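K.L.:
Sequence plus predicted model, see below.
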Amino acid sequence: MTAVIETLVGRQPIFDRDLAVKGYELLFRSVDPPSVALDGPFGGHPTPEDLLGTAEGGIGALVGTKKAFCNASPGIVSGETQIRVPPDQVVVEIRQPIVSDGSALAGCRRLLDSGYSLALDDFQWTDGVDDLLALASTVKIDVEAVAPDRLPELVERCRACHVEVIAQKVDTFEELGRCASLGFDYFQGYVLSRPHVSPGRPLPPGRLAGLRMSARLLDAECPVSEIEEIVRSDPAMTHQLLQLAGIGAPGGMKRTVSTVRQALVLVGWRRLQSWVALLLLTDDGSASEEGIAAVLMRARMSELLAPSAGCQADAGYTAGLLSTLDVVLGMPIVKILDALPLDADIRDGILNGDGPLGRLVADVTDYQLGRPERASRCAMPEDAVRTAAVEALTWTVGMTSALESAQAFD
């Protein structure tokens, strides 16, 4: 995983027509300033060999049970770089320009014969594309790069070839509706992976009570006995706690847990407080899988970087989690924070970016939303921020996997 940590910048979800996550495109950039921009929200220079060629067994820490979509370099297509990731965990993305001769096409056939699924990235219909299209199970169409009057025909021709079609760079609700009407199977873009709020919607009384309870549990002074009582009173929550405690370290063995008390000790009080608070906020099922992941990743990344920004780690985690409540509740953050008895430093930091805590959360937020060039308020080294992002991502995948298991239990 070392090479991946050096180059991975983030992941962008790919959604199906029911807006469930099908998989994630993994996005990379080189450690040195890149000379060539990578199409995608994070920019940079792709190094797929870091993942497909050397990260044996580590991809699950980045995408969980979902598929990883990763661009193939010429070396991967030619066979010079051997793929070590199992075929059931990855979709190999092929860009048409690198398949320019018969040997490259033969390389794609070798990948297919080895069990790998192929996706054609930034697909355009050109002369001689039929042979390549016959090898693919998926095509990805950049809806910004295709003239609107030509898009319906392109989608229709692709579907006639019995491949699934992904719409890339879907950045507005209007584009999403149009792509759905044209018959796209999957969708990828900012409109689906950024929070959307309803300015006028009030907090329902039950939701307000849960929000206040969550704020209480995030308080470092909250007694452990209060948390334990809440967990023990709910069988589904107890099951989730046991799942969470058994995750273990990234890449390590799963731990065996036999009692609630043992699980509480293994998880740790601070993580337990934040986890229970999150469950109370999402207990009506309205939060999406990707929304929950965004909450957890920002909280964990803020916690990891807090000491470098002159903040306490637990304060970083709390501020990071609270700053994402608009994602979970679909409401303006100011309205949500007005309902909570928060410390002025945390409130002002979240709303205005004031103080060390505010600058920390603002930097983490910019990085998470694909604006790494803006994440400079705390003057943290780029490699430290990137490493924290990857560690937060792997931790989040483990957390969300535990929540998914508990939901299946319900």
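P.N.:
Cool, the structure landed. Numbers count the residues shown, from 1 in each chain.
K.L.:
what number of residues lie near the nearest residue to residue 133 once chain neighbours are set aside?
P.N.:
Once flanking residues are discounted, residue 133 sits nearest to residue 161: 5.4 Å by C-beta to C-beta, 6 or more residues apart in numbering. Placement of C-beta: from N, CA and C, glycine included. For residue 161, the tally of surrounding residues (other C-beta atoms under 10 Å) stands at 13.
K.L.:
Can you give me the distance of residue 161 to residue 150?
P.N.:
Applying C-beta to C-beta, to the nearest Å, the value for residue 161 to residue 150 is 17 Å.
K.L.:
For residue 167, give the beta-bridge partners.
P.N.:
Residue 167 has these beta-bridge partners by DSSP bridges: residue 141, residue 187.
K.L.:
Make 50 the starting number, not 1.
P.N.:
Let's use 50 as the start, then, which means that last one is residue 216.
K.L.:
Quick check, pLDDT for it.
P.N.:
On pLDDT, residue 216 comes in at 95.
K.L.:
still on that earlier bit, per-residue confidence at the residue nearest to residue 182?
P.N.:
90.
K.L.:
That one contacts residue 184, doesn't it?
P.N.:
No. Applying C-beta atoms under 8 Å as the test, residue 210 and residue 184 come out as separate, 10.8 Å apart.
K.L.:
mind checking how far residue 116 is from residue 355?
P.N.:
Residue 116 is 33 Å from residue 355, by C-beta to C-beta.
K.L.:
Who has more neighbours out of these two?
P.N.:
residue 355 (25 against 19).
K.L.:
so the nearest residue to the more buried one once chain neighbours are set aside is in which element?
P.N.:
Nearest non-adjacent residue to residue 355, counting by C-beta to C-beta, 6+ apart: residue 365, 3.0 Å away. Assigned by DSSP states H and E, residue 365 falls within helix 362-371.
K.L.:
Domain parsing of this protein, as residue ranges.
P.N.:
51-242, 254-458 (automatic domain parsing).
K.L.:
re the thing from before, what helices or strands is the helix or strand following the helix holding residue 365 leaning on?
P.N.:
Per DSSP H and E, helix 362-371 leads on to helix 374-378 as the next helix or strand towards the C-terminus. Counting contacts by 3 or more C-beta pairs under 8 Å, 6 or more residues apart in numbering; DSSP states H and E, helix 374-378 is packed against helix 254-267, helix 318-330, helix 338-354, helix 382-387.
K.L.:
Including distance to residue 405 and mean neighbour count, could those helices go into TSV?
P.N.:
What follows is those, written out as TSV (distance: least, C-beta to C-beta, whole Å; neighbours: other C-beta atoms under 10 Å):
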stretch	distance to residue 405	mean neighbour count
helix 254-267	19	17
helix 318-330	19	22
helix 338-354	11	25
helix 382-387	19	16
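K.L.:
For residue 136, which of those is the nearest?
P.N.:
Residue 136 lies closest, by C-beta to C-beta, to one member of the helices and strands packed on helix 374-378: helix 338-354, at 24.0 Å.
K.L.:
what ranges do the strands span in this protein?
P.N.:
In the chain, the segments counted as strands under DSSP state E are 57-65, 70-77, 116-120, 139-144, 166-170, 187-191, 213-217, 235-236.
K.L.:
give me every residue that touches residue 320.
P.N.:
Residues counted as contacts of residue 320 (C-beta atoms under 8 Å, 6 or more residues apart in numbering): none.
K.L.:
now with 10 Å?
P.N.:
293-294, 348-349, 352, 363, 366, 444, 448 (C-beta atoms under 10 Å, 6 or more residues apart in numbering).
K.L.:
same check, this time on residue 189
P.N.:
Per C-beta under 10 Å, 6+ apart, neighbours of residue 189: 63, 74, 118, 140, 142, 144, 168-172, 213-218, 235, 237.
K.L.:
ok, it to residue 73 distance?
P.N.:
Taken as C-beta to C-beta, the span from residue 189 to residue 73 is 13 Å.
K.L.:
intersection of neighbour lists for those two?
P.N.:
63, 118, 237.
K.L.:
quick one: which of those is nearest to residue 180?
P.N.:
residue 118 (22.1 Å).
K.L.:
quick one: pLDDT of the residue lying closest to that closest one once chain neighbours are set aside?
P.N.:
Distances taken as C-beta to C-beta, 6+ apart put residue 74 closest to residue 118, at 4.3 Å, once the chain neighbours are dropped. With respect to pLDDT, residue 74 scores 88.
K.L.:
Correct me if wrong: residue 238 contacts residue 224.
P.N.:
Yes. Checked against C-beta atoms under 10 Å, the pair residue 238 and residue 224 is within contact range at 7.4 Å.
K.L.:
shared neighbours of these two, which are they?
P.N.:
192-193, 216, 218.
K.L.:
Let me know the pLDDT of residue 359.
P.N.:
pLDDT, read off for residue 359, is 93.
K.L.:
helices and strands around the helix holding residue 365, which ones?
P.N.:
Applying 3 or more C-beta pairs under 10 Å, 6 or more residues apart in numbering; DSSP states H and E, one finds that helix 362-371 contacts helix 254-267, helix 318-330, helix 338-354, helix 382-387, helix 393-401, helix 404-417.
K.L.:
switch to 8 Å and redo it
P.N.:
Counting by 3+ C-beta pairs under 8 Å, 6+ apart, helix 362-371 packs on helix 254-267, helix 318-330, helix 338-354, helix 393-401, helix 404-417.
K.L.:
between that helix and helix 338-354, how many degrees?
P.N.:
Relative orientation of helix 362-371 and helix 338-354, computed by axes from the mean of the first three to the mean of the last three C-alpha atoms, to 10 degrees: 160 degrees.
K.L.:
Return the set of buried residues in helix 362-371.
P.N.:
363-371 (16 or more other C-beta atoms under 10 Å).
K.L.:
closest to residue 414 among those residues?
P.N.:
residue 369 (8.5 Å).
K.L.:
Grab the nearest non-local neighbour of that closest one.
P.N.:
Residue 369 sits nearest to residue 351 (C-beta to C-beta, 6+ apart), 3.1 Å away.
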